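Novice: after the sequence you'll find the predicted model.
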Amino acid sequence: MAMLDHLALGFQVAFSLQNLLYAFIGCMVGTLIGVLPGIGPVATIAMLLPITFHLPPTAALIMLAGIYYGAAYGGSTTSILVNLPGESSSVVTCIDGYQMARKGRAGAALSISALGSFFAGTVGTIIIVLFAEPLTLMAQKFGPSDYCSLMALGLVAAVVLASGSVVKAIAMVFLGLLFGLVGTDVNTGAQRFTFDIPELSDGIDFAPIAMGLFGIAEIVVNLERRMTRSGAIKVSSLWPTREEIRQAIPAAIRGTGLGAILGVLPGGGPTLAAFSSYTLEKKISRNPGKFGKGAVEGVAAPESANNAAAQTSFIPMLTLGIPSNAVMALMVGAMIIQGIQPGPEVMTKKPDLFWGMIASMWIGNLMLVIINLPMIGMWVKLLTVPYRFLAPAILLFCSIGAYSLANSTFHVYQVAIFGVMGYIFSRLGCEGAPFLLGLVLGPQMEEYFRRAMLLSRGDPSVFIQRPISLGLLIATAILLVLMALPSIKRAREEAFQEEEG
Amino acid sequence: MSRLLSKDFLSGVMFIAFGLVTLYFGRNLAVGTPVRMGPGYVPNMLSYILLVLGLIIAGFALLKGGEQVEAPQLRPIVMVTIGIIAFGLLFETTGMLPALVALVLLSSLGGTEFKLIEVLGNIVVLAILCVIVFKVGLGMNITVLNGVW
């Protein structure tokens, strides 16, 4: 019954007044920013990272997780009410959610989305509890070479499943790895790429990069497009009809199952889950014609799926220290800044933080349903704030946040530089997420690589002699080969085109 | 000509440039041997991989062509960047308030619609909000206006 003990510990930590408060603040702020159009969860978390640095580690992570769910939740709201997805994982929700809203069922769509998400969040949390311990125990058997191969697999899988051009994304990973090496070399004390700037000797700070790459670049791209928006729809009754509930429940269960599985995969995450579950619903429906015209299943399934995946994508991050998507990379960055090295030791050495965070995920999901459904009117009002007011405000918060990292304007200039870089990346169709993953894993991967090579006396075959490492590398190779196969390549391109359209 | 302006070709060039830059600045880092790697071993290795990937991306783009780069609009990115840099410079010398005014003004100029009254209103609201949230609420060590508060 160790599991129940763990959960009890977790809830004890999460139910402390301070942590409840931070979970609440996180959910509210996350929803607030998630509702604002044009800013997704990654930008939101990047922007708010500095605020959490001054908190104790557990509270900081609880708040960040709250921001993540809140932002995702806010994204669904805008998808349904104004047909503007706040993030890629709620793009599918737009299709049927907005149609439901136009038919006067906006309230029902919002409730179904919220309750489906809550159900999925609950299941997701249970899955984390069940799998965390065995996975952690397995990870403790890993040697340096195994870790190195695991990271390679994680990076490749994230790239393959989550982005457009594979070669470009891989190049972005390597670029990120290189940026991660800036600073003092831990083994020799040599300064690498620091250009005699003292601030760089501890490495490039993670938060300004994330803010510049995601926050600033996103704002600039939005400023270029003149934001037009369809008028917000009035929300009447929040209660779904019995018929709608009957249709939603099985869809939500299927979405949850599919989302939970896809979330664990590196690079899977909420977006893939939402798209797959929508496709699944359409395939098995007796009446596929109704999709796109306000089908209840088209809201319930993807919304449950993306939330389940959002939960389970914490599993590789918490147990192995491997982030599976950009949001998790930000969480890893936040942990490192808090002085916690993500990996299997977190659970054994800091059980209160580990289980407290998991328990607070469930509490955060509950809070979102309880707080947000009644407040929907207020969020809708926020949607009417024009972008020309929002953009300067967001820039301002980013700049002050960057300054507050170390009470130094050096970080503010870094935000500006990485903003320009992020803008160039987005113009060239190079994605920021693989870069971020590489950046976060860079220093660790080098460390494990050097240690593995030292132990094997410079013989690289150590990576294929250890069974775990060999297995992981074979999996990596299979993934890469699969991507090169023409049939899969075509299917993949179609999937991404659908996503963009 | 059009192939040289495809997204893929330009990003290939960018990766090659990054690889060359890191090789150049890493030239004085000791590479060492595989057993005892110096600080330059991994950076060098990564730079070469990046160079190769850049060549592959650029090469394929030259052969097959690809999606064209959209003509960049310079105003938003330039105004936003100048705004943030002005914010940094003013923050240190004069305090948060002038920095805030400069950033909001400059970044508003980067947008498509600019109405002075609106921007001034935005500045007032944001100034009050920032003082309340950061100075009073979070108690951050920020100078609002140098010499005054």
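Specialist: Cool, got the structure.
Novice: any idea which element the residue of the stretch 201-350 of chain A found nearest chain B lies in?
Specialist: In the stretch 201-350 of chain A, the residue that lies nearest chain B is residue A:223 (3.9 Å; CB to the nearest CB). Any C-beta I mention is one placed from the backbone N, CA and C, and that applies to glycine too. Per DSSP states H and E: residue A:223 is located in helix A:217-224.
Novice: go through whatever helix or strand comes next after that helix and flag the buried ones.
Specialist: The first helix or strand that comes after helix A:217-224 along the chain, using DSSP H and E, is helix A:242-264. Counting neighbours by 16 or more other CB atoms under 10 Å in any protein chain shown, one finds that the buried residues in helix A:242-264 are A:244-245, A:247-249, A:251-264.
Novice: contacting residues around the spatially closest residue to residue A:319 that is not a sequence neighbour?
Specialist: Leaving aside its sequence neighbours, residue A:319 sits nearest to residue A:135 (CB to CB, 6 or more residues apart in numbering or on different chains; 4.1 Å). By CB atoms under 8 Å, 6 or more residues apart in numbering or on different chains, residue A:135 lies in contact with A:315, A:319-320.
Novice: quick check, central residue of chain A?
Specialist: Nearest residue to the geometric centre of chain A (CA atoms, centre = their mean): residue A:327, 3.0 Å.
Novice: per-residue pLDDT, the closest residue to residue A:391 other than its chain neighbours?
Specialist: Computed as CB to CB, 6+ apart, the closest residue to residue A:391 that is not its neighbour in sequence is residue A:219, at 5.2 Å. Per-residue pLDDT puts residue A:219 at 84.
Novice: burial count for residue A:219?
Specialist: For residue A:219, the count of nearby residues is 29 (other CB atoms under 10 Å in any protein chain shown).
Novice: counting neighbours, what do you get for residue A:169?
Specialist: 24.
Novice: so how far is the strand or helix carrying it off the chain centroid?
Specialist: According to DSSP H and E, residue A:169 maps onto helix A:166-180. Centroid displacement of helix A:166-180 relative to its chain, using CA atoms, centre = their mean, to the nearest Å, is 19 Å.
Novice: hmm, the one helix or strand residue B:89 maps to touching chain A?
Specialist: If you go by DSSP H and E, residue B:89 is part of helix B:74-93. Yes: with CB under 8 Å from any CB of the partner chain as the measure, helix B:74-93 is seen reaching chain A through B:76-77, B:80-81, B:83-85, B:87-89, B:91-92.
Novice: how about the helix or strand that the helix holding residue A:169 is followed by and chain B, touching?
Specialist: Next in sequence after helix A:166-180, counting helices and strands by DSSP H and E, comes strand A:183-184. No: contact of strand A:183-184 with chain B (CB under 8 Å from any CB) is absent, the minimum separation being 9.0 Å.
Novice: what's the helix or strand that strand A:183-184 is followed by packed up against?
Specialist: Downstream of strand A:183-184, the first helix or strand assigned by DSSP H and E is strand A:191-192. In this structure, strand A:191-192 packs against strand A:183-184, with contacts taken as 3 or more CB pairs under 8 Å, 6 or more residues apart in numbering or on different chains; DSSP states H and E.
Novice: would you mind pulling the contact partners of the strand it packs on?
Specialist: By CB under 8 Å, 6+ apart, the residues outside strand A:183-184 that reach it are A:190-194, A:200-204.
Novice: what mean pLDDT would you report for that strand?
Specialist: 86.
Novice: next one: stretch B:74-90
Specialist: Here the average pLDDT along stretch B:74-90 is 92.
Novice: ok so, going back, isn't the residue of the stretch 201-350 of chain A closest to chain B right up against residue A:394?
Specialist: No: under the criterion of CB atoms under 8 Å, residue A:223 makes no contact with residue A:394, lying 10.9 Å away.
Novice: let me know whether residue B:112 touches residue A:386 as I believe.
Specialist: No: using CB under 8 Å, residue B:112 is not in contact with residue A:386, being 10.9 Å away.
Novice: picking up where we left off before, PyMOL command to pick out the buried ones of the contacts of strand A:183-184?
Specialist: Restricted to buried positions by 16+ other CB under 10 Å, the PyMOL selection for the contacts of strand A:183-184 reads:
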select buried, chain A and resi 191+192+193+194+200+203+204
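Novice: so where's the longest helix in chain A?
Specialist: Counting by DSSP state H, the longest helix found in chain A is helix A:106-139.
Novice: among the contacts of residue A:135, name the ones in strands.
Specialist: Among the contacts of residue A:135, no member is found in strands (DSSP state E).
Novice: mind listing what the residue nearest to residue A:449 when sequence neighbours are not counted touches?
Specialist: Counting by CB to CB, 6+ apart, residue A:449 lies nearest to residue A:148, which is 5.1 Å off, once chain neighbours are set aside. If you count contacts by CB under 8 Å, 6+ apart, residue A:148 has them with A:445, A:448-449, A:452, A:463, A:469.
Novice: just the helices in chain B please.
Specialist: B:7-25, B:41-64, B:74-93, B:96-109, B:116-130.
Novice: got a list of what residue A:303 touches?
Specialist: Contact analysis of residue A:303 by CB under 8 Å, 6+ apart lists A:76, A:90, A:93, A:112-113, A:116-117, A:120, A:252, A:255, A:274.
Novice: swap in 6 Å and give it another go.
Specialist: Going by CB atoms under 6 Å, 6 or more residues apart in numbering or on different chains, residue A:303 touches A:76, A:93, A:113, A:116-117.
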